[in-house]
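S.K.: Just to be clear, the model below is a prediction. Sequence and coordinates:
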Amino acid sequence: MKGFVARYRSKQGERGPWELREGIRSRARELRALLLDRISRHEADSRIKNLVQEALDELGKAEDALNHRAHSRYKQASHLAVGQIHVDTAHNLLLRLSGPSEVIPMMPGLLAIVQAHLASSDPRRVGVERIDHWVRQKGTLTEEDLELILDAVGVARQASIRETLRVRSFVNIVGWVTGFLAAGAVLLAVLAGVSDDTLPLCFTPGNGVGNAGYSVVCPIKTDVKPQFSNPDKNVAATTTPLDYTLVEIVGLVSAAIAAATTLRRIRGTATPYNVPVVLAVLKLPTGALTAVLGLLLMRGGFVPGLSALDSSAQIIAWAIVFGYAQQLFTRLVDSQAQSVLNAVGGANQTGPSAPPATLSSRAAGQ
């Protein structure tokens, strides 16, 4: 049974960008080479050997997580985030093994990490920016400064992981909402098909045609000569089980067109979670439901002057309008999605957090 499961998983596609997985794996191999070189130059130092071994263990865990066929969460792309966490931990341990003179060439990259993920008011970011200015001026770095830098980089990387997890949480929420809306649309179509005359999508315009002076207009069928004196009986005789299904399909297609037009405003993302796709899928069942609900509001006289449509073509036309109108509701979700994506590494957009310390004030502080 296990062999069958392994073969089945091996045929499944990976969730998340393949390039992102290979990028993390390449970074892990690079760090492994650096760690092995470090331990070969300090074989007699037990502290360095222990830290190197811990870092190598983290890289091994990263490799295990990146093997999506074996990882239990590969379908949710969690293996990519977990692999990145272990690689970041290994890199932090490598920084711990580095002295001040070795960290100075790394300062631009470390500063970029801190600025990308820590707020401009964060005191750790302020401290790292001032240390960077001092290093560029004097080319020296103290042990206290190095400790502050390492702490800030570690916190920034944790913030980066939290940003990615927020994207994943948002995608999961939108997915669940989409599933419930889709189930509701299907259930509504089924119930309307079983009992098509319970809540019909039909109108009875008084056009002077027929024995009772009105006609019955439904999405599929129109009766211009009602047979009964009771309007309810005439409506029940004109409805068909596919009225709701047709309206929902029209609303879904209209929503799909709206989704295609809004994708041009959504930027792509380097995270493993495809936010634009889940937003587009959300619009489909929403459009199907808004088409039905809009016609029910018109049939109930909620919209003055539009309580009686004259033909099936008009009903379909209004279904298109209401299906496209789902954009009024999902636009808020689109805005929230863009905010979530902008938050991933977006702290650096605020610019430097504070003016760097002058050399005289730096010297006075020491």
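M.R.: Sure, I can see it.
S.K.: so how far is stretch 144-152 from its chain's centroid?
M.R.: Centroid displacement of stretch 144-152 relative to its chain, using CA atoms, centre = their mean, to the nearest Å, is 33 Å.
S.K.: Show residues contacting that stretch.
M.R.: 92, 95-96, 99-100, 103, 107, 110, 114, 118, 124-125, 127-128, 131, 134 (CB atoms under 8 Å, 6 or more residues apart in numbering). The C-beta positions use only the backbone N, C-alpha and C, and glycine is treated the same way.
S.K.: quick one: average pLDDT of that stretch?
M.R.: In this model, stretch 144-152 carries a mean pLDDT of 88.
S.K.: before we move on, what about stretch 218-233?
M.R.: 78.
S.K.: Can you mark which positions in that stretch are buried?
M.R.: Neighbour counts over stretch 218-233 (16 or more other CB atoms under 10 Å) mark 218-220, 222-223, 226 as buried.
S.K.: Now, these that are in strands?
M.R.: Among those, the members falling in strands (DSSP state E) are 222-223.
S.K.: now the buried residues of stretch 218-233 in a markdown table, with distance to residue 335?
M.R.: What follows is the buried residues of stretch 218-233, written out as a markdown table (distance: CB to CB, whole Å):
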| residue | distance to residue 335 |
| --- | --- |
| 218 | 38 |
| 219 | 33 |
| 220 | 38 |
| 222 | 41 |
| 223 | 45 |
| 226 | 48 |
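S.K.: Just name the closest of the buried residues of stretch 218-233 to residue 283, please.
M.R.: residue 219 (21.5 Å; CB to CB).
S.K.: Does the closest one touch residue 245 like I think?
M.R.: No. When contacts are counted by CB atoms under 8 Å, residue 219 is not listed as touching residue 245 (9.2 Å).
S.K.: ok, residue 131 - contacts?
M.R.: Contacts for residue 131 were tallied using CB under 8 Å, 6+ apart; they are 107, 141, 145, 148-149.
S.K.: Can you name the residues in contact with the strand or helix carrying residue 259?
M.R.: If you go by DSSP states H and E, residue 259 is part of helix 243-262. If you take CB under 8 Å, 6+ apart as the criterion, helix 243-262 is touched by 185, 188-189, 192-193, 196, 200-202, 218-220, 279-280, 283-292, 295, 315-316, 319-324, 326-327, 331, 334.
S.K.: buried set for it?
M.R.: 243-256, 258-259, 262.
S.K.: what pLDDT, on average, does that helix get?
M.R.: Mean per-residue pLDDT for helix 243-262: 90.
S.K.: Now do that helix: distance to the chain's middle.
M.R.: Averaging C-alpha positions (CA atoms, centre = their mean) puts helix 243-262 23 Å from its chain's average.
S.K.: could you dump that helix to PDB, C-alpha only?
M.R.: Only the C-alpha atoms of helix 243-262 are listed here, as PDB (Å, rounded to 0.1, in the frame of the first residue of the first chain):
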ATOM      1  CA  ASP A 243     -34.800  28.200 -15.100                       C
ATOM      2  CA  TYR A 244     -32.400  28.600 -12.100                       C
ATOM      3  CA  THR A 245     -29.700  26.600 -13.800                       C
ATOM      4  CA  LEU A 246     -29.700  28.800 -16.900                       C
ATOM      5  CA  VAL A 247     -29.700  32.000 -14.900                       C
ATOM      6  CA  GLU A 248     -26.800  30.800 -12.800                       C
ATOM      7  CA  ILE A 249     -24.800  29.700 -15.800                       C
ATOM      8  CA  VAL A 250     -25.300  33.200 -17.400                       C
ATOM      9  CA  GLY A 251     -24.200  34.900 -14.200                       C
ATOM     10  CA  LEU A 252     -21.200  32.600 -13.900                       C
ATOM     11  CA  VAL A 253     -20.100  33.400 -17.400                       C
ATOM     12  CA  SER A 254     -20.600  37.100 -16.800                       C
ATOM     13  CA  ALA A 255     -18.600  36.900 -13.600                       C
ATOM     14  CA  ALA A 256     -15.800  35.100 -15.500                       C
ATOM     15  CA  ILE A 257     -15.500  38.000 -17.900                       C
ATOM     16  CA  ALA A 258     -15.400  40.400 -14.900                       C
ATOM     17  CA  ALA A 259     -12.600  38.200 -13.400                       C
ATOM     18  CA  ALA A 260     -10.600  38.400 -16.600                       C
ATOM     19  CA  THR A 261     -10.800  42.200 -16.700                       C
ATOM     20  CA  THR A 262      -9.700  42.600 -13.100                       C
END
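S.K.: Having no further points to raise, I will conclude here.
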